[in-house]
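[1] Everything below, folded, please.
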Amino acid sequence: MKKILTVFTGLTFLAVTSVFAHDHDGHGRNAMAGDHFKKMDSNGDNKVSKEEWQKFHDGFFTELDKDADGSVTLEEMKSARMEKKEEKKRK
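    Numbering: from 1, shown residues only. Okay, here's the model as predicted:
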């Protein structure tokens, strides 16, 4: 009986962990990574080339660098994060 209970508990744990870790098309732990990947994959081939990676992140840097001085401060990063939070609240 103890073996059966141990096996059942282990299987339950694996099932629950799998459900919560799965992306579910934008809901879950991997949602942000999936969205980020899709944005970087500009040609839609389900691969991100070095050029796609750099182009995306160069654009992201430019977006963060509000005063266009060629560097990003902690305050600029915090401000961008707060803007994203506000944008999500409005949706």
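
[2] Quick check: the residue nearest to residue 47 when sequence neighbours are not counted vs residue 65, distance?
    Leaving aside its sequence neighbours, residue 47 sits nearest to residue 41 (C-beta to C-beta, 6 or more residues apart in numbering; 6.8 Å). Backbone N, C-alpha and C define where each C-beta goes, glycine included. As judged by C-beta to C-beta, to the nearest Å, residue 41 and residue 65 stand 24 Å apart.

[3] out of everything not next to it in sequence, what's closest to residue 64?
    What sits nearest to residue 64 in space, not counting adjacent residues and going by C-beta to C-beta, 6+ apart, is residue 72, at 4.7 Å.

[4] check contacts around the residue nearest to residue 47.
    By C-beta atoms under 8 Å, 6 or more residues apart in numbering, the contact list for residue 41 reads 47-48, 52.

[5] Weed out the non-buried ones from the residues you listed.
    48, 52 (16 or more other C-beta atoms under 10 Å).

[6] So residue 70: helix, strand or coil?
    coil (DSSP: H, G, I helix; E, B strand; the rest coil).

[7] Start the count at 54 instead of 1 going forward.
    Renumbered: residue one is now 54, and that last one reads residue 123.

[8] Fine by me, thanks again.
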